[in-house]
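> Generate a structure from the sequence data that follows.
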Amino acid sequence: MAKPRSIYVCNECGYETAQWQGRCSSCGEWNTLLEEIREKKSKSKGEKSKPSRRAGYGAGADDTPVRMASVEMQTGDRLLSENEELDRVLGGGFVHGGVVLLGGDPGIGKSTLSLQVAGMLAERELTVLYVSGEESLSQLKMRGERLTADVDDVLVVGETRLGRVEELVEEREPDFLVLDSIQTLAAEDLTSSPGSVVQLREVTGTITQLSKGLGMPTILIGHVTKDGAIAGPKVLEHMVDTVLYFEGQAGMNYRILRAVKNRYGSTNEIGVFEMRGDGLHGVENPSAMFLAERPKGAPGSVVVPVVEGTRPLLVEVQALVSATQYGPPRVTTVGVDQNRVHLLLSILEKRAGLKVTGHDVFVNVAGGVKVSEPAADLGIALAIASSYRNRSVAEDAVVFGEMGLTGEIRAVTQAAPRLMEAQKLGFRRALAPRSNVSGVDAYLEGNEKALSELRFEGVRDLGQALRSAKLVDGSDVDGSD
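All right, here's what the predicted structure looks like:
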């Protein structure tokens, strides 16, 4: 019998070394090397390897080079989940043979959404196999009883052995597979514990090969670390086709599903869900949901139209500027990049004369949304100026535009859809880059009445925007009364 061999594997990149190191030599991360006992069980002399159903993974079963022109494309309709928000994030539904890695905090709704999808597909007389490594079948039954989808026809099994899952897949040949969760499965010929780096790579590689060989869409539910990243080596995310993250704040019923990686669609789309007693429900009008509790006439509150993928959303940017009482001034942000806010504060002080030095600045995007596009610059700047001057921005106005270091307001993409979404929710005024006027006119050519109820006010620079929003008086932009 071979003696077990101890190696150290980086939990971030999968780098292996015979000796422990404080810092990984490959990715440079500290304290990520974990010890693994590596011993692969050898097959007996009379044991034969059974044929594998893994053709189609990577280069496929045929290793003979062929001309690209002679390759036959496998075209086919995507498998729709009948959940519009999920299908939107996936890029139009599940791709046959595609593997989706679904991550998120504990209790955020990963298993609930997966079981709902499984039930909806089973209702369409598709064979769906749900492999549970964490919950018993009775617990799954309890969860299924409260969901709107009928899960009676879903095939469920409690299993943590990778070999048995392979046998079930090859025997049943399901149309859809769910593994809950990938960290609980283990290959029997590896002695390391389930969830280890070695096990995760082996299990994910095997399931991915099976899925592509059978043309079977698969959902892998993954645990996350305390930092919010999917547990396991980064190579785990490289092996799958799509990586989805559930985002949400504690105590809130709303969830945001975001694609971090998608080989078959855009990574900019988001899905908005509401958690109810009977499962997750897609939110038809996220803009109205994000603005539902917006205070009217409050200084420091500005509505900004942002675009996530192809969907325009209206979000509320809130700012609070107060004189520093204890220690050095601080800048705290939630939902926006802190470095970007520092940059906007410098522009406000240099170009508009707002003396924000010596003040604590807090910026928050209400509803738990994360805004990363520069089109929100002008809205953030006006929210800060509104709180600093203790003057409110008009309730019926939306604000967007990218801000340059000289204070100029630059054009942004998809201005017309932003304006149309604002008009749909009752807003009647928009402060936006003047250079976007011609683009909006071209977009609405032949349908000029589409924005007949909204007044577009183009601004060239920060000073003009502050005057239009009545946050400064006349031509004075230094913030003095």
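
> switch to C-alpha atoms for all contacts and neighbour counts from now on
Will do.

> so where is the stretch 101-250 of the chain shaky, pLDDT-wise?
226-229, 231-233, 249-250 (pLDDT under 70).

> Likewise for the stretch 351-481 of the chain?
In the stretch 351-481 of the chain, residues with pLDDT under 70: 446, 448, 474-481.

> Which parts of it are strands?
For the stretch 351-481 of the chain, the strands defined by DSSP state E, counting those that start in this stretch occupy 359-365, 397-399, 402-403, 409-410, 429-433, 455-459.

> same deal with the stretch 1-150 of the chain?
5-10, 16-17, 33-38, 99-104, 128-132.

> can you tell which of those is closest to Ser322?
strand 99-104 (35.0 Å; C-alpha to C-alpha).

> What is the closest one packed up against?
Applying 3 or more C-alpha pairs under 8 Å, 6 or more residues apart in numbering; DSSP states H and E, we find strand 99-104 packed against helix 110-123, strand 218-222, strand 242-247.

> Next secondary structure element downstream of the longest strand seen in the chain?
When the chain is parsed with DSSP state E, its longest strand is strand 311-323. Using DSSP states H and E, the helix or strand that directly follows strand 311-323 along the chain is strand 331-334.

> partners of that next one in the sheet?
Strand pairing for strand 331-334, determined by DSSP bridges: strand 359-365 (parallel).

> now the angle from the strand it pairs with to strand 311-323?
Strand 359-365 runs at 160 degrees relative to strand 311-323, counting by axes from the mean of the first three to the mean of the last three C-alpha atoms, to 10 degrees.

> Residues contacting strand 359-365, please?
315-324, 329-336, 371, 380, 384 (C-alpha atoms under 8 Å, 6 or more residues apart in numbering).

> and the closest residue to Val393 other than its chain neighbours, how many neighbours?
Distances taken as C-alpha to C-alpha, 6 or more residues apart in numbering place Ala469 nearest to Val393, at 5.9 Å, with adjacent residues excluded. For Ala469, the neighbour count with other C-alpha atoms under 10 Å is 18.

> Would you quantify the distance from the nearest residue to Met420 once chain neighbours are set aside to Arg410?
In space, and not counting its chain neighbours, Met420 is closest to Leu451: 6.6 Å by C-alpha to C-alpha, 6+ apart. Distance, Leu451 to Arg410, using C-alpha to C-alpha, to the nearest Å: 22 Å.

> re earlier: list only those of the contacts of strand 359-365 flagged as buried.
Buried members of the contacts of strand 359-365, scored by 16 or more other C-alpha atoms under 10 Å, are 315-321, 332-336, 371, 380, 384.

> Looking at those, which one is closest to Ile182?
Using C-alpha to C-alpha, the buried ones among the contacts of strand 359-365 come closest to Ile182 at Gly335, 29.7 Å.

> Is the closest one in contact with Lys370, as I believe?
Yes. Checked against C-alpha atoms under 8 Å, the pair Gly335 and Lys370 is within contact range at 4.2 Å.

> Wait, Arg258 touches Tyr245, no?
Yes. Arg258 is in contact with Tyr245 according to C-alpha under 8 Å; the separation is 5.3 Å.

> Between the two, which contacts overlap?
Going by C-alpha under 8 Å, 6+ apart, no residue sits against Arg258 while also sitting against Tyr245.

> quick revisit: which member of the buried ones among the contacts of strand 359-365 is positioned nearest Lys212?
Using C-alpha to C-alpha, the buried ones among the contacts of strand 359-365 come closest to Lys212 at Val371, 35.3 Å.

> How about that closest one, nearest residue that isn't a chain neighbour?
Nearest to Val371 is Val336, by C-alpha to C-alpha, 6+ apart, at 5.4 Å.

> Next, the contact list for the one you found, please.
Here Val336 is in contact with Val363, Asn364, Val365, Lys370, Val371, Ser372 (C-alpha under 8 Å, 6+ apart).

> Can you say which of those are buried?
By neighbour count, with 16+ other C-alpha under 10 Å, the contacts of Val336 hold Val363, Asn364, Val365, Lys370, Val371 as buried.

> The first one pairs with what?
So the one you mean is Val363. Ala319, Thr333.
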